[in-house]
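Asks: Here is a sequence together with a model predicted from it:
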Amino acid sequence: MLSPLDLSLVNGPIPTAATVAAAVALTYLAIRKTRTWWTRVLPIVVLACAVVVSGLTYVVDHVWKPWPEPLPLILTIWAGAALAALSLAAVRLRTGRWYVRVLNVLLALGVATSAMVATNAHFGQYPNMRSVLDVFRNNRVDIDEAAPPPSTVVEVPAGKKLADVWTRPADLPDKGTVTEAPIPGAFPARPAWIYLPPAYATTPRPKLPVVVLLAGQPGHPRDWFDGGRVADNLDAFARAHDGLAPIVVVADQLGAPTANPLCLDSKLGQSETYLAHDVPAWIKQRLTVDERREAWTIAGFSQGGTCAVQLAVRAPDVYGNFVALAPQREPTLGTRQETVKAAFGGDEAAFLRVNPMDVLARQRFPQTAGTIVAGRDDATYRTADAEVFEACRKAGMDVLWKELPNGHDWNMAREGFFGSLPWLAGRTGLAR
């Protein structure tokens, strides 16, 4: 039987029940028998909450601008509902019996909780309660314990793939290992999160392909293990391939949750150098990997997907493959003018030299392969994704297009990345 921990928090009865419960609770809090309540208190509370939420939305979208796209309307509505419920409960604390006041507070907290459930359902950050509980569980192993130097490695003859010579060992672990490690370099990055597949723990150890994976913005490397469920999906892939799966290094291209250095070398930081040189050098020095460019993939979601396209054209000697999940048309801080001013001091020519769409227009990349995945319901980036795909195709890349029935969310990112693994396995030698 399905465990309650595995019930979906993204669709199905739980989000629906949360929405219905919030509507009932908010209706109860909004209704009172006194005339003053209907003519003065309720209108003032509703108007004040609408003004506060509208003001905060304006500040986020037009003043602070921590990310290029505006706040989704559904989140603004839920924020207003939660604020209204809390405000109404606070007003009702002045009268009534103690248990009625307690009930009002609980109902208001219930609306706020429903708002969080709805927000999670919109972004797909936590697919079930098990993934929520994983936030509080430390399953990471120290890097020295997870990745000691190998005593022997699997040798792959020329013209063969790893899958051709690999035999499932009797002592193969059922799951891979998750570890965390700082990767020093030209950019002040947060520690990377790393997945090592079951085959990495065997002797002799295979030299495995590498995926350098990037989260979106705002974001953290851990996001791919929470929202992306990387460990679960790669464990499932490894079980179907005798323990083989790529090593996944979720590197930090941001430096802080809401920062956006654009994966470029600019006034905002040396993010491109970090991803194109420092991270690969550390991986090759510290882990047992297949060093052929054909075995290396740069991948990411949203802003991280934009970075994946950038690195595919700016560091083609390092990354032979890329997976771009809902990328932007170009690296951006909102508008072209704002981006050029912040990153290059207004020098648009400097931006054009590194902007992937311009690079693709003047160079060809016949040795690079990629997959671009778009959400069918992604009104913000669906068209841009198609433009990026067409530019890659015209530049001679062996590029695939996938469209999933999702929006700009982790539901799309999870399915898009996991669905790209068979293609990557063929490209990198994990499958015959």
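Replies: Looks like it came in fine.
Asks: which stretches of the stretch 251-400 of the chain form strands?
Replies: Counting by DSSP state E, counting those that start in this stretch, the stretch 251-400 of the chain has strands at residues 265-266, 269-270, 296-301, 321-325, 369-375, 398-404.
Asks: could you pull out the helices for the stretch 101-250 of the chain?
Replies: Applying DSSP state H, counting those that start in this stretch to the stretch 101-250 of the chain gives helices spanning 129-134, 143-146, 162-165, 223-226, 230-239.
Asks: Identify the bridge partners of the closest residue to V323 other than its chain neighbours.
Replies: Counting by CB to CB, 6 or more residues apart in numbering, V323 lies nearest to A299, which is 3.8 Å off, once chain neighbours are set aside. Every C-beta, even on glycine, is put in place using the N, C-alpha and C of the backbone. Here A299 sits in beta bridges with L213, V323, going by DSSP bridges.
Asks: Let me see the contact set for A299.
Replies: V211, V212, L213, L214, G305, A308, F322, V323, A324, L325, F417, S420 (CB atoms under 8 Å, 6 or more residues apart in numbering).
Asks: So which of those residues is the closest to K284?
Replies: Minimum distance to K284 across those is 11.8 Å, recorded for V212 (CB to CB).
Asks: So for that closest one, what's the pLDDT?
Replies: Reported pLDDT at V212 in the predicted model: 98.
Asks: Could you give the number of residues near P204?
Replies: For P204, the neighbour count with other CB atoms under 10 Å is 13.
Asks: so who does it touch?
Replies: The contact partners of P204, by CB under 8 Å, 6+ apart, come to P150, S151, T152, V153, V154.
Asks: In PyMOL, select just the buried ones from those.
Replies: In PyMOL, this line selects whichever of those come out buried by 16 or more other CB atoms under 10 Å:
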select buried, resi 150+154
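Asks: Put together TSV for the contacts of P204, with pLDDT and distance to L5 on each row.
Replies: Below are the contacts of P204 laid out as TSV (pLDDT from 0 to 100; distance: CB to CB, whole Å):
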residue	pLDDT	distance to L5
P150	96	36
S151	94	39
T152	96	40
V153	97	39
V154	96	37
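Asks: which residues does S8 contact?
Replies: Counted by CB under 8 Å, 6+ apart, S8 has contacts I14, P15, P127, N128.
Asks: Most neighbours of all these, which one?
Replies: The most crowded member of these, judged by other CB under 10 Å, is P127 (24 neighbours).
Asks: What separation do you get for that residue and R336?
Replies: Between P127 and R336 the computed distance is 36 Å (CB to CB, to the nearest Å).
Asks: Next, the buried residues of the helix or strand of the chain with the lowest mean pLDDT.
Replies: Lowest by mean pLDDT, DSSP states H and E among the helices and strands of the chain is helix 129-134, with a mean of 91. Using 16+ other CB under 10 Å as the test for burial, helix 129-134 gives M129, R130, S131, D134.
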